[in-house]
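Peer 1: Quick one, what's the 3D model for this:
(one chain, ligands or ions: 1)
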Amino acid sequence: MQRRALGATGIDVPAVGMGTWRTFDVRGAAAEAECRRVLDAAFETGATLFDTSPMYGAAEGVLARTLGDRRDRALVADKVWTADDGEADEQIVRALALYGGCVDIYQVHNLVAADRRLRTLGRLRTEGAVRVVGATHYRHAEFPALVTLMKSRAVEMVQIPLNAADRVAEREVLPVAAEMGIGVLVMRPLGEGALARRAVSEAELAPLRPYGVTTWAQALLKWILSDPRVSCVIPATSKPARMAENAAAGEPPWLDEEMRRYVERLVG
Ligand SMILES: NC(=O)c1ccc[n+]([C@@H]2O[C@H](COP(=O)([O-])OP(=O)(O)OC[C@H]3O[C@@H](n4cnc5c(N)ncnc54)[C@H](OP(=O)(O)O)[C@@H]3O)[C@@H](O)[C@H]2O)c1
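Peer 2: Numbers count the residues shown, from 1 in each chain. You can find the predicted model right below:
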């Protein structure tokens with residue numbers, strides 16, 4: 001697994017990590033055991049950055065429990081998500097308790113109460129309970145607000161959607177990230193699964209094989225990672241074999257411009 005700088009934070013992240021929205025929002029021993037198998041596959045392949053949020057139901061807790069004594073070998077990207085100051089403090093206290101007193105990358109989810117939350121997270125970074133402070137948004141209309149925070153150095157990383165069918169961040173966010181040394185995590189790299197479900201034939205994949213691509217999902221992930229301004233993609237999966245498949249896309253060779261255009265044509 002290639003590791004990349006998370007902007008100018010001094011922290012290296014794996015090129016492929018894992019999201020937990022929906023997939024880790026589970027209850028019961030059997031479902032949690034399956035999540036543990038997905039996590040095992042992530043550790044076997046070096047995809048050891050995990051993104052979660054109090055917005056994802058049980059996922060924060062399931063991630064913490066399935067990590068167990070592997071916590072120190074992982075990077076946890078969590079979020080605070082509420083307009084209520086008291087509730088935000090509760091979310092933070094709970095997250096710090098779940099993750100051994102430190103959240104590696106703490107993000108303001110969907111920019112909710114961003115100014116106040118960034119002040120709190122900045123203080124926690126000074127105290128050593130947070131290593132990197134950032135912000136996320138899934139909507140293109142909020143990219144200008146993210147960019148304002150990036151330009152004022154109020155955040156050290158951002159999390160945004162980007163894939164071969166959704167390229168707005170390429171124009172609006174990545175140039176500023178590169179200029180300011182801001183880390184970039186990419187959400188929805190498989191278009192919430194819809195892009196990965198497209199039928200792409202073996203013959204259509206053949207030109208991508210010299211680039212280490214054996215599946216369509218890997219082509220989609222490599223398309224994103226071939227842009228060096230991206231730090232890490234965080235595809236979510238409920239299946240251990242897919243975790244391994246996704247992680248394998250985190251190795252060079254990267255796609256050249258001609259091959260990126262080819263993947264874009266397959267996306268249609
Ligand atoms: N901050 C925000 O506003 C925000 C918003 C959305 C997401 N996120 C973060 O970003 C993460 C990723 O985004 P996402 O979960 O929305 O979408 P995604 O990662 O683009 O897609 C996930 C879906 O793709 C399927 N999948 C995964 N690997 C596959 C493979 N190799 N082949 C075929 N299908 C595959 C999964 O199904 P199976 O389980 O069946 O494999 C799952 O349904 C989230 O989990 C979350 O951590 C943040």
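Peer 1: Only C-alpha atoms from now on, for both contacts and neighbour counts.
Peer 2: OK.
Peer 1: The strand or helix carrying Leu118 and the ligand, any residue contact?
Peer 2: Element membership for Leu118, per DSSP states H and E: helix 114-127. No - applying C-alpha under 6 Å from any ligand atom, one finds helix 114-127 separated from the ligand by no less than 13.4 Å.
Peer 1: after that helix comes which helix or strand?
Peer 2: strand 130-136.
Peer 1: so what's the spatially most central residue of the chain scoring on pLDDT?
Peer 2: Centroid check for the chain by C-alpha atoms, centre = their mean gives Ile234 as the closest residue, at 3.5 Å. At Ile234, the pLDDT value in this model is 98.
Peer 1: Let me see the contact set for the closest residue to it other than its chain neighbours.
Peer 2: Distance criterion C-alpha to C-alpha, 6 or more residues apart in numbering; nearest residue to Ile234, sequence neighbours excluded, is Met18 at 4.2 Å. Met18 sits next to 42, 47-51, 233-237 when contact means C-alpha atoms under 8 Å, 6 or more residues apart in numbering.
Peer 1: Spell out which parts of the stretch 51-200 of the chain neighbour the ligand.
Peer 2: Residues of the stretch 51-200 of the chain lying near the ligand (C-alpha under 6 Å from any ligand atom): 51-52, 109-110, 136-138, 187-193, 196.
Peer 1: Which ChimeraX command selects the buried ones in those?
Peer 2: Selection of buried members from these for ChimeraX, criterion 16 or more other C-alpha atoms under 10 Å:
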select :51,52,109,110,136,137,138,187,188,189,190,191,196
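Peer 1: Flag every buried residue along the helix or strand hosting Glu204.
Peer 2: Using DSSP H and E, Glu204 sits within helix 202-205. Buried residues in helix 202-205, counting neighbours by 16+ other C-alpha under 10 Å, are found at Leu205.
Peer 1: Output that helix as CSV, restricted to C-alpha atoms.
Peer 2: Taking C-alpha atoms only, helix 202-205 is exported to CSV below (Å, rounded to 0.1, in the frame of the first residue of the first chain):
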residue,chain,number,x,y,z
GLU,A,202,-13.2,-8.2,-19.3
ALA,A,203,-12.3,-6.9,-22.8
GLU,A,204,-13.0,-3.3,-21.7
LEU,A,205,-10.8,-3.8,-18.6
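Peer 1: Next secondary structure element downstream of it?
Peer 2: Next helix or strand after helix 202-205 toward the C-terminus (DSSP H and E): helix 216-225.
Peer 1: Can you give the contact residues for that next one?
Peer 2: 15, 162-164, 189-190, 196, 200, 205, 208, 213, 230-233, 245-246, 248-250, 254-255, 260, 263.
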